[in-house]
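In: sequence first, predicted coordinates after that:
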Amino acid sequence: MSDRSVLEVLETKTSRRRFLRDGGVVALVAGVATACKADSGKGASVAAAATTPPAGQTGGTMGPHDTSAGASAQSTADAMDAMHEKGIKAFPAKTAVMGNQPLEPKIDKGVKVFEITAKKIQWETEPGKFVEAWAYNDQVPGPQIRVKEGDRVRVVLNNQLPESTAVHFHGLELPNDQDGVPFITQPPVKPGQTYTYEFTVPNSGSHMYHSHHNSAKQVGLGLLGAFIVEPKEPTAHDRADVDQVFILNDGAHGYTFNGKSFPATQPIVAKLGQKARIRFMNEGMMIHPMHLHGMHMTVIAKDGWAVPAPWKCDTLNVAPGERWDVIVNCTNPGTWAFHCHILPHAESEHGMFGMVTALVVQK
Amino acid sequence: MSDRSVLEVLETKTSRRRFLRDGGVVALVAGVATACKADSGKGASVAAAATTPPAGQTGGTMGPHDTSAGASAQSTADAMDAMHEKGIKAFPAKTAVMGNQPLEPKIDKGVKVFEITAKKIQWETEPGKFVEAWAYNDQVPGPQIRVKEGDRVRVVLNNQLPESTAVHFHGLELPNDQDGVPFITQPPVKPGQTYTYEFTVPNSGSHMYHSHHNSAKQVGLGLLGAFIVEPKEPTAHDRADVDQVFILNDGAHGYTFNGKSFPATQPIVAKLGQKARIRFMNEGMMIHPMHLHGMHMTVIAKDGWAVPAPWKCDTLNVAPGERWDVIVNCTNPGTWAFHCHILPHAESEHGMFGMVTALVVQK
Amino acid sequence: MSDRSVLEVLETKTSRRRFLRDGGVVALVAGVATACKADSGKGASVAAAATTPPAGQTGGTMGPHDTSAGASAQSTADAMDAMHEKGIKAFPAKTAVMGNQPLEPKIDKGVKVFEITAKKIQWETEPGKFVEAWAYNDQVPGPQIRVKEGDRVRVVLNNQLPESTAVHFHGLELPNDQDGVPFITQPPVKPGQTYTYEFTVPNSGSHMYHSHHNSAKQVGLGLLGAFIVEPKEPTAHDRADVDQVFILNDGAHGYTFNGKSFPATQPIVAKLGQKARIRFMNEGMMIHPMHLHGMHMTVIAKDGWAVPAPWKCDTLNVAPGERWDVIVNCTNPGTWAFHCHILPHAESEHGMFGMVTALVVQK
């Protein structure tokens, strides 16, 4: 299942409009064990202070002093909690344009032709927050390029930026003159120029394309995208039910997943029993340890290369330039927080923000 | 051997009081090859400048100019060295309360019941240095919870903080309503409230529990602890002679191991030939590469999952949210520095501080 | 092939003087597919805006408004590109002294004796940029010590610094009194003093030696070097055609590889079909994900220990204190960028700088 079809599933289940109307993530978990029941009997339960705890609880009681202190604290806590709740209720928040949209190639005598235009745009990272972006085809990340090992591919770059640029195909083992490094393997592509790369795709895996000219700025502003190469001989992993690109960034646009900050990040959605493949890529300047709640991830590939022995984790360190492919067997129903575990990248006094999304496992 | 019994060994060998009186780490290595001999013949030796070097040395001599420069340098060096020596002599320095103390459960009809109270306290990270902490049961890290795979467990949280909170069991694959994320899986636990989690422990390994509400602040201030799950079928690693939890942190409390900064960090102590299992956990905001002197570590588990093929290292990168279990075969007697190799986390002009401890292998 | 012989190959092929005269990296790739052809037909090509695109291209044209905007942008872009070109043309730039030069031992009754003098010097990190360094034998990194497992080794440290110091052999599993930690395993070595370490080399691999006294400052200023131990039983990896130490640093001297910043970093040079072994070591304070273009790296060892199953990557995260050995099968001819993928460590508006070098595969 491609990225697009993940969203289709979500849209099919309940329209985005209904999502928002119903309070975001709460709607997401319809059909999933409802989380916030006051007393689940065999599960979680809340006992207000100074009330009799429900059976099966050992809830304490507070004395007078604690209650008076508690009244003030309660009011402060309520105000903070309201902010936290608002963010989560807004998730997944709608923004104008999504990045990482599949780019359909034109076919020219058997060659798959992808046209990408680099241009300065305004990009909405969360509802109402617009930042300057330098983008391919008006998206951050740029459109997802997905080809097959052995394909003949042409990438036509149209530079409408105020600076020169170039495209490096990060992870592909191309002939040197297709490597995209100005003054080492090609001249810079000047503003207004068009430049054409063409090659036979040599190695499969989860790769990236991005600027390699004034790159700290240009990649930081959004000139990046996923370049997925399916292998000639598909494995079981290539037939995963969900196949999700997950690009981390931390530059001028704040802490983002696929160009969006929580609550505008998009959940990964799977049905109970399905297998989700997640392709982490880091285009930022910091290392982000990605933590999934409720289920573990099995690491199957590093930088597009199968690992010799898959290994399990729930927190995966993803460094700039790295790509890690993992499989999640979606055996645990519910809405599961999925976030960078550098906590200041994910939560503030005002609630969750930045590098937070969810894996939703639907019954 | 549990964490507690490691300390017992230390206490048995020579009381903490004697430790301090005798000059800390120097006492620790009693019985171990004495390190600071002036001339070991076949080992290290010091030759003062302008003196005849001992046999087997190539020690140079300094001319008049160097001697005069040296006199001034010597005095500066002596002052700096005195500070360095003072810190090391103080190790392991006594502080009022230790964190990570085993929490004995009450048994309620076969259910192991752990009660944790979250409260604001003053915490002593090194002798005389007190910081505000938000702590479980007045400890940083909170008390160590240790159970067995398949156990029925109840955790009763009593919130005496001025903010709402919640407990996430990081690494446990629980039913969604026990996951501890306010507004996604439960309501926030308000000041004065008590909240009860109950579940059957699904997976073994080195896990953690910590706040998942306003977490950058709450975890940063100390609302965290180890949650160890012993497997149903113990392996040789589960019978290690020493079993030590080692929680890294770098927030409001400075650079700490198990809530303490050098020289108040506690050494890991083993006898020659013993096997030590160390469970690294990172609850901070930075990645810390942990370096052990004198012996290597064999990595056996990541986030509680056995690695498919154990691998060796002497410097192990531990990122926020990660847990790494390693085995050290204690074959090399002596007191071995054990520290974060980001050197500004471990040493300043004033001597060692922060993320430094020692592995002591006793003959 | 040792580090030295790599440089010899480079020098043999075309003298450094000719390198510079011919424009650095462009000369490097003589004999390799020339990269910057205007139109390679089957490869990359540039089409100036408003000109007819060459056959096989989809180059667009710009309207009047774009052209006028483009004229201004073009001028800004040209100025920026000139700076970028200048840096790359200067590569590999000559500086006065190189670090990491092999240190030949004296032999004293079968003992290999290495003499290292610690001293304050001025160090040239790139042409004309001098920084204060604390160096062993006037080099940063210090001279490369290379011995064999089982060798008897004596290291004589002569301290001509204004502070005390000591040498820790990072990764070697030595007797405790040779471990080099003042006040734990030895007294500090005062200014003007000479100190002798002597030991039988216990374990093979890529190790380091560096100060362990006031180390954040002393290592940061350059008191560090490679300590390579060849195994008793060489493997195929030990017979690699190129064997290159690659020490990362990020302290007071800026972002450096082997003590030099781009364009003064030195390329790794191999012939097509050769096998290059690269020994990454990090002596800095930050983690650097090293990215190689055009070919992947196969990881064969961590901290001197063979990994149980070699794994492939193109971006390798190297943390402070870690050593990673990789093999690159040099199957792809050309000049390949090789850099830290934290882009602000490698490129600015003024062009590439800091942690950038190249792997040159010569046909």
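Out: Arrived safely, thanks for sending.

In: before we move on, which element is the closest residue in space to residue A:189 that isn't next to it in sequence in?
Out: In space, and not counting its chain neighbours, residue A:189 is closest to residue A:195: 4.2 Å by Cβ to Cβ, 6 or more residues apart in numbering or on different chains. Yep, even glycine has a C-beta here, placed from its N, CA and C like the rest. Per DSSP states H and E, residue A:195 falls inside strand A:194-200.

In: same question, residue A:321
Out: Per DSSP H and E, there is no helix or strand for residue A:321.

In: give me the neighbour count for the residue nearest to it when sequence neighbours are not counted.
Out: Distances taken as Cβ to Cβ, 6+ apart put residue C:341 closest to residue A:321, at 3.1 Å, once the chain neighbours are dropped. When neighbours are counted by other Cβ atoms under 10 Å in any protein chain shown, residue C:341 registers 26.

In: residue contacts, residue C:341?
Out: Taking Cβ atoms under 8 Å, 6 or more residues apart in numbering or on different chains, we find residue C:341 in contact with A:319, A:320, A:321, A:322, C:289, C:290, C:291, C:315.

In: quick check: bridge partners of the residue nearest to residue A:189?
Out: Residues in a beta bridge with residue A:195, per DSSP bridges, are residue A:157, residue C:46.

In: surely it is in contact with residue A:154?
Out: No. Assessed by Cβ atoms under 8 Å, residue A:195 is found out of contact with residue A:154, at 11.1 Å.

In: higher neighbour count, the two?
Out: residue A:195 (24 against 19).

In: so how far is residue C:152 from the more buried one?
Out: Distance, residue A:195 to residue C:152, using Cβ to Cβ, to the nearest Å: 60 Å.

In: then residue A:331?
Out: The gap separating residue A:331 from residue C:152 is 58 Å, by Cβ to Cβ.

In: hey, what's residue A:182 bridged with?
Out: residue A:186.

In: scratch that, residue A:206 is what I was asking about
Out: Here residue A:206, judged by DSSP bridges, has bridge partners residue A:228.

In: per-residue pLDDT, the residue of the stretch 101-250 of chain A found nearest chain C?
Out: Chain C sits closest to residue A:176 of the stretch 101-250 of chain A, with a gap of 2.8 Å, by Cβ to the nearest Cβ. On pLDDT, residue A:176 comes in at 98.

In: same question, residue A:58
Out: Residue A:58 is assigned 35 on the pLDDT scale.

In: any idea which helix or strand carries residue A:301?
Out: Going by DSSP H and E, residue A:301 is part of strand A:297-302.

In: near chain C at all, that strand?
Out: Yes. Using Cβ under 8 Å from any Cβ of the partner chain, strand A:297-302 reaches chain C at residue A:302.

In: packing partners of that strand?
Out: Where contact means 3 or more Cβ pairs under 8 Å, 6 or more residues apart in numbering or on different chains; DSSP states H and E, strand A:297-302 is packed against strand A:305-313, strand A:323-329, strand C:305-313.

In: let's see 10 Å
Out: With contacts taken as 3 or more Cβ pairs under 10 Å, 6 or more residues apart in numbering or on different chains; DSSP states H and E, strand A:297-302 sits against strand A:205-211, strand A:275-282, strand A:305-313, strand A:315-318, strand A:323-329, strand C:305-313.

In: neighbouring strands - and their directions - for the second one?
Out: Right, the one you point to is strand A:275-282. strand A:242-249 (parallel), strand A:323-329 (antiparallel).
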